[in-house]
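> With the input below, show me the fold.
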Amino acid sequence: MHQIINFDKQLFLEINRHHLEWLDPVMLFFSSYAAWGIIALCLLIYVVCTQDKAWRWPIANFLFLCVITTNLLNQLIKVIVARPRPIHEQAFIDLIHSIESFDSSYSFFSAHSSSSFALAVFALLAVRKASFSIFVLFWAFMVAYSRIYVGKHYPFDVIAGILFGTLTAVIGWGIYCNYKKENKHLNKK
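Numbering: from 1, shown residues only. Reported below is the predicted structural model:
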């Protein structure tokens with residue numbers, strides 16, 4: 001385990017050291033809660049508008065529940081694992097490119113990555129259009145990468161977030177499809 005953690009730290013340093021001045025505001029945008037909220041709201045509205053009228057509220061609720069579930073479980077796991085963020089590592093102070101403000105929260109696993117992928121994967125399963133799928137996955141990957149770029153997460157934190165968010169979305173989609181099958185009568189309204 002010690003070797004895996006060391007590899008993760010070295011990988012973080014390698015990825016984080018590749019930064020460009022013009023890219024800093026772009027990564028801050030993808031990493032910000034405000035941008036996430038605006039894009040998430042736009043995605044939610046788009047997904048809801050692509051659905052039959054009878055299924056708009058149910059799909060909105062299931063999508064919202066997937067994102068909330070991944071965030072709540074993320075916060076619980078962060079407290080249990082209690083892995084410090086890269087910006088908390090004293091040995092990294094002069095080595096990392098950190099452009100977000102310091103905070104005292106934990107690193108494992110990335111909530112930005114998990115909630116972005118929960119939203120993106122659920123949305124692409126609902127809409128099923130290639131161009132939309134490319135857009136939402138690009139957005140989710142940019143959010144995930146930005147967390148390493150700004151110095152807040154190690155690569156394994158981000159990978160775990162991506163996997164957790166994707167799994168949450170797939171499970172949520174399965175539950176939604178089962179709900180839809182059990183409530184076929186709504187199609188007749």
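
> Which of the helices or strands spans Trp126?
You called it Trp, but residue 126 is Ala. Element membership of Ala126 [criterion: DSSP states H and E] is helix 111-127.

> can I get the CA coordinates of that helix in CSV?
Presented in CSV, the C-alpha positions along helix 111-127 are these (Å, rounded to 0.1, in the frame of the first residue of the first chain):
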residue,chain,number,x,y,z
ALA,A,111,-16.4,14.8,-4.9
HIS,A,112,-16.1,17.0,-8.0
SER,A,113,-15.1,14.0,-10.0
SER,A,114,-17.8,11.7,-8.6
SER,A,115,-20.6,14.1,-8.8
SER,A,116,-19.6,15.2,-12.3
PHE,A,117,-19.5,11.6,-13.6
ALA,A,118,-22.7,10.7,-11.8
LEU,A,119,-24.5,13.5,-13.6
ALA,A,120,-22.7,13.0,-16.9
VAL,A,121,-23.3,9.2,-17.1
PHE,A,122,-26.9,9.4,-16.0
ALA,A,123,-27.5,12.2,-18.5
LEU,A,124,-25.9,10.4,-21.4
LEU,A,125,-27.9,7.2,-20.6
ALA,A,126,-31.1,9.3,-20.6
VAL,A,127,-30.4,11.3,-23.8
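
> now it: how far from the chain's centre is it?
Relative to its chain's centre, helix 111-127 lies at 7 Å (CA atoms, centre = their mean, to the nearest Å).

> what helices or strands is it leaning on?
helix 33-49, helix 56-81, helix 130-149, helix 155-182 (3 or more CB pairs under 8 Å, 6 or more residues apart in numbering; DSSP states H and E). (Each C-beta comes from the backbone N, C-alpha and C, glycine too.)

> For stretch 1-8, buried residues please.
Asp8 (16 or more other CB atoms under 10 Å).

> where does this structure dip in pLDDT?
Within the chain, the segments meeting pLDDT under 70 span 101-102, 186-189.

> rewinding a little: distance to Ile15 and mean neighbour count added to the helices and strands packed on helix 111-127, as a markdown table?
What follows is these, written out as a markdown table (distance: least, CB to CB, whole Å; neighbours: other CB atoms under 10 Å):
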| stretch | distance to Ile15 | mean neighbour count |
| --- | --- | --- |
| helix 33-49 | 21 | 14 |
| helix 56-81 | 21 | 17 |
| helix 130-149 | 5 | 19 |
| helix 155-182 | 6 | 19 |
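
> so can I have a markdown table of those helices showing distance to Met1?
Shown next, in a markdown table, are the helices and strands packed on helix 111-127 (distance: least, CB to CB, whole Å):
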| stretch | distance to Met1 |
| --- | --- |
| helix 33-49 | 32 |
| helix 56-81 | 12 |
| helix 130-149 | 21 |
| helix 155-182 | 11 |
